[in-house]
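> Okay, sequence plus prediction incoming.
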Amino acid sequence: MNKGLQKIFGEIPETYELVNHILTLGTDIVVRKRMARQAAKDGGRRWLDVCSGTGETAVNLSKLAHNGTQIFAADFSGPMLQLAAAKPEAKNIRFVLADVGHLPFPDNSFDLITLSFATRNINTSRENLIKTISEFRRVLRPGGRYLNLETSQPRFGMVRRLMHLYVKLAVKPVGTRISGSKAGYAYLSETIPRFYSAEEFAEILTLAGFSEVTHRRMFLGIAALHKAVK
Ligand SMILES: C[S@@+](CC[C@H](N)C(=O)[O-])C[C@H]1O[C@@H](n2cnc3c(N)ncnc32)[C@H](O)[C@@H]1O
């Protein structure tokens, strides 16, 4: 368990969504909704959102779910999950306090797993990332889908440099100012430029045992949505 990271997320729940919306100029809302639409369209009765945080993705999924769909949301931060669970739109979501490296679910028990903007957090090393994604695969049923939404590396050098400059200049000062957490936004500004390109991350999904790995770039490649099938 990454205690340092767990502590960081325990410090920022109240301002977490506001900081994201400001720093991304609202585009995080757009890409989260796109992900939920794509995730929900293939149906299934048991869905799990991992590293769910304040539950934005789980809530988006719940709005698109057919009656009878069970939606679970897992995270290792009690304060983040408490905020999620207090949302009126979250009343049909079951919240589970767990490290996603060891999910408290049997093999083959979900039709869908989603993860938004937390892949950088479980990327403590490439090896550990592959191991954790293999754990997601374990709890998916054969044919089940994994959707991953994360910041990425734009292909065009100029766009990539501008993005990294923006992250360097804006993320830490704005995030720290609003949330009061220096560590949280220092961490965010360090992990975004270091994260994988869309192609590199697709390879990681394959190494974790997934097939039919596809991806779509969003907003000039600043974010990428990957889909993979067990
Ligand atoms: C950047 S937030 C993303 C939250 C949410 N998915 C979203 O789209 O806003 C990262 C979340 O991942 C959780 N997290 C990080 N590592 C984790 C782990 N190993 N097990 C469970 N939760 C983890 C943190 O507690 C935090 O709530």
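That came in fine, so what should we check first?
> Buried residues in stretch 187-205, which are they?
Of the residues in stretch 187-205, 187-189, 192, 195-198, 201-202, 204-205 count as buried by neighbour count, 16 or more other CB atoms under 10 Å. For glycine as for every other residue, the C-beta is placed from the backbone atoms N, C-alpha and C.
> OK, contacts around whatever residue of the chain ends up closest to the ligand?
Among the residues of the chain, residue 53 lies closest to the ligand, at 2.5 Å counting by CB to the nearest ligand atom. Applying CB atoms under 8 Å, 6 or more residues apart in numbering, we find residue 53 in contact with 9, 13, 16, 75, 77, 80, 84, 117-118.
> farthest residue from the center of this structure?
residue 158 (26.2 Å; CA atoms, centre = their mean).
> helix or strand for that one, which one?
helix 157-166 (DSSP states H and E).
> CA atoms only: put the helix or strand following that helix into PDB for me.
Per DSSP H and E, the first helix or strand lying C-terminal to helix 157-166 is helix 172-179. Taking Å, rounded to 0.1, in the frame of the first residue of the first chain, the C-alpha atoms of helix 172-179 are listed here in PDB:
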ATOM      1  CA  LYS A 172       1.400  23.200  -8.800                       C
ATOM      2  CA  PRO A 173       0.600  26.900  -7.900                       C
ATOM      3  CA  VAL A 174      -3.100  26.800  -8.800                       C
ATOM      4  CA  GLY A 175      -3.700  23.400  -7.200                       C
ATOM      5  CA  THR A 176      -1.800  24.300  -4.100                       C
ATOM      6  CA  ARG A 177      -3.500  27.600  -3.700                       C
ATOM      7  CA  ILE A 178      -7.000  26.200  -4.000                       C
ATOM      8  CA  SER A 179      -6.500  22.900  -2.100                       C
END
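> Now look at the following helix or strand past helix 172-179 and say if it contacts the ligand.
Where DSSP H and E defines the elements, the next helix or strand beyond helix 172-179 is helix 182-194. No: figure legend: helix 182-194 not in contact with the ligand (CB under 6 Å from any ligand atom); closest approach 7.6 Å.
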